[in-house]
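Student: task: produce atomic coordinates for the following.
(one chain, ligands or ions: 1)
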Amino acid sequence: MAEESQVNQMESLNIGETSGNPEAVEDVVDPWNVQTSSATGIDYAKLIVRFGSTAIDETLVQRIEQVTGKPAHPFLKRGIFFSHREMNKILNLYEQKKPFYLYTGRGPSSGAMHVGHLVPFMFTKWLQDTFDVPLVIQLTDDEKYLWKDLKVEEVLKLAVENVKDIIALGFDVEKTFIFCDFDFIGQCPEFYRTMVKIQKHVTFNQVKGIFGFDESSSIGKIAFPAVQATPSFSGAFPFIFNGKKNIQCLIPCAIDQDPYFRMTRDVAPRLNMVKPALLHSVFFPALQGATSKMSASDPNSSIFLTDTPNQIKNKINKYAFSGGQATVEEHKEKGGNCDVDVSFQYLRFFLDDDERLEQIRKDYTSGELLTGFLKKELIGVLQKLIGEIQERRKTVTDEVAREFMRPRKLKFDY
Ligand code: TYM
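Tutor: Predicted structure coming up:
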């Protein structure tokens, strides 16, 4: 209770606020920018305080295992999902056999998704498999039209490509509804009504504080946060929830999306609706290291789902920032730094075997293993992961995608 009320107070803070020390260079984390000047990456402990969320600790991870009877996902055990809002409420509901649903999304700014985008989606799939609940996935083609130099027709095409990539991650069609804003919102009066209710209860001042809009921002941008907030409320999907308006929502996403959902949680009680719960992941770094930006428009900044095995190999060998020493002798003497070594950081995300990962960490830190070994290991892991997704992607026809995007009842009764 005390934790909740403190969280509620802190949720009202603006994300751009600094700690009061004018010398401190704050990490920038918002839906459009994730930047740090530190080679070890964003200071996530500080971010939890600034955003007013709660750390995912050992006790919560153990409770997830105990309630589900399944081992926690490596992303939970390794602190990749590191922060939450009200996850205990979700676990209580699950224990009481009461319903909840999952909501996540993607802004289709490029045809190919990168490995960073895989993080929330892979985790969402695990949540769906583990808890057996409905999932809605929003593609904000409208957001990308408003923010990027793209035509409507272009974002529509990108959205469909992204939908296919997402389906290729293995979501269950009986439990999953995927929608693109441009196509769906006009078909669903309940979605539109929920959206306008949110717009009525959030002022320009509030979104200005949260998102940094100003008088020259287009009114499309100013109104957009309500579009991303709407799927957090079950009343927006009457065909799934049989018109029930108060089914709890859980949103897995990377921490950059949190501003949207702080606004959503803030407005929910004013509309007599349930605040969505959240699980936040850290940010997957660019190949060049944590201080560099991973960008869909720079093919060398990351590994993409469309990369060939050779491209994966060449990019990692050429660009993955090394935490090793300048010479082999020096490396053997001083050891490597796993905190900044990009290959090690990537392995933390995608090498499932805990023991192997720990052995690599020890042997690299002691200097026994060289960067080349880590790169080779990572190349193998990513070639396999991406190869499997590409194989499944071949089976995702237009017809399969259309079925995921058809507004329909899922396998759950309400
Ligand atoms: P987008 O397309 O920027 O990102 C899609 C999802 O991937 C996460 N993400 C990352 N995670 C780890 N490392 C990275 N480097 C990285 N880059 C992106 C994002 O946090 C997101 O979870 N506006 C949203 C689309 C959206 C959405 C949602 C996202 C609509 N509704 C609900 C999450 C939840 C966007 O442009 O995401």
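Student: got the residues of the stretch 201-350 of the chain near the ligand?
Tutor: 228, 251, 253-254, 256-257, 281, 283-284, 294 (CB under 6 Å from any ligand atom). C-betas here are computed from N, CA, C, even on glycine.
Student: next, the distance between the ends of stretch 65-84.
Tutor: Start-to-end span of stretch 65-84 (CA to CA, to the nearest Å) is 16 Å.
Student: which positions in it come out as buried?
Tutor: By 16 or more other CB atoms under 10 Å, the buried positions in stretch 65-84 come out as 67, 72-76, 79-84.
Student: now swap in stretch 352-370 and tell me
Tutor: So, applying 16+ other CB under 10 Å, buried residues of stretch 352-370: 357, 360-361, 363-365, 367, 369-370.
Student: tabulate those residues in JSON lines, adding columns for distance to residue 302 and secondary structure.
Tutor: Compiled in JSON lines, the buried residues of stretch 352-370 are given as follows (distance: CB to CB, whole Å; DSSP: H, G, I helix; E, B strand; the rest coil):
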{"residue": "357", "distance to residue 302": "21", "secondary structure": "helix"}
{"residue": "360", "distance to residue 302": "21", "secondary structure": "helix"}
{"residue": "361", "distance to residue 302": "23", "secondary structure": "helix"}
{"residue": "363", "distance to residue 302": "26", "secondary structure": "helix"}
{"residue": "364", "distance to residue 302": "22", "secondary structure": "helix"}
{"residue": "365", "distance to residue 302": "25", "secondary structure": "helix"}
{"residue": "367", "distance to residue 302": "28", "secondary structure": "coil"}
{"residue": "369", "distance to residue 302": "24", "secondary structure": "coil"}
{"residue": "370", "distance to residue 302": "23", "secondary structure": "coil"}
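Student: just the residues of the stretch 201-350 of the chain next to the ligand now: which is nearest residue 334?
Tutor: Nearest to residue 334 among those is residue 284, at 27.2 Å by CB to CB.
Student: for the residue in the stretch 201-350 of the chain that the ligand sits nearest to, what are its contacts?
Tutor: Taking CB to the nearest ligand atom, the ligand has its nearest neighbour within the stretch 201-350 of the chain at residue 254, 3.0 Å off. For residue 254, the contacting residues are 116, 119-120, 280-284, by CB atoms under 8 Å, 6 or more residues apart in numbering.
Student: in the stretch 101-250 of the chain, which spans are helices?
Tutor: For the stretch 101-250 of the chain, the helices defined by DSSP state H, counting those that start in this stretch cover 115-131, 141-147, 152-167, 181-184, 189-200, 204-211, 219-229, 238-241.
Student: summarise which helices and strands the fifth one is packed against.
Tutor: In this case it means helix 189-200. helix 219-229 (3 or more CB pairs under 8 Å, 6 or more residues apart in numbering; DSSP states H and E).
Student: lowest-pLDDT helix or strand in this structure?
Tutor: Lowest mean confidence among the helices and strands of the chain (mean pLDDT, DSSP states H and E): helix 2-11, at a mean of 40.
Student: the helix or strand that comes right after that helix and the ligand, are they touching?
Tutor: Toward the C-terminus, helix 2-11 is succeeded by strand 28-30 as the next helix or strand (DSSP states H and E). No. Counting by CB under 6 Å from any ligand atom, the ligand has no neighbours in strand 28-30; the shortest distance is 10.2 Å.
Student: for strand 28-30, give me every contacting residue.
Tutor: With contact meaning CB under 8 Å, 6+ apart, strand 28-30 is reached by 15-16, 34-36, 42, 47, 211-212, 255-256, 259, 283.
Student: got the residues of the stretch 1-150 of the chain near the ligand?
Tutor: Residues of the stretch 1-150 of the chain that fall close to the ligand, judged by CB under 6 Å from any ligand atom: 31, 103-107, 116-117, 119-120, 138, 140, 143.
Student: okay, who's weakest in those by pLDDT?
Tutor: Among those, residue 31 has the lowest pLDDT, at 85.
Student: which phi and psi values does that residue adopt?
Tutor: phi -60, psi -10 (degrees, to the nearest 10).
Student: for the closest residue to it other than its chain neighbours, what are its contacts?
Tutor: Excluding the flanking residues, the one nearest residue 31 by CB to CB, 6 or more residues apart in numbering is residue 256, at 5.4 Å. Going by CB under 8 Å, 6+ apart, residue 256 touches 29-31, 34, 283.
Student: need the residues you listed in CSV (columns: neighbour count).
Tutor: Listed next are the contacts of residue 256 as CSV, based on neighbours: other CB atoms under 10 Å:
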residue, neighbour count
29, 22
30, 18
31, 20
34, 22
283, 21
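Student: for the ligand, state which of those residues is nearest.
Tutor: The closest of those, once distances to the ligand are taken by CB to the nearest ligand atom, is residue 283, at 4.4 Å.
Student: ok, the closest one to residue 256 distance?
Tutor: Distance, residue 283 to residue 256, by CB to CB, to the nearest Å: 7 Å.
Student: what residues do these two have in common as contacts?
Tutor: In contact with both residue 283 and residue 256: 29, 34, using CB under 8 Å, 6+ apart.
Student: check contacts around the residue lying closest to residue 247 once chain neighbours are set aside.
Tutor: Spatial nearest neighbour of residue 247, chain neighbours left out: residue 234 (3.8 Å); criterion: CB to CB, 6+ apart. Taking CB under 8 Å, 6+ apart as the criterion, residue 234 is in contact with 101, 240-241, 244-247, 249.
Student: buried subset of the residues you listed?
Tutor: For the contacts of residue 234, a neighbour count by 16+ other CB under 10 Å gives the buried set as 101, 240-241, 245, 247, 249.
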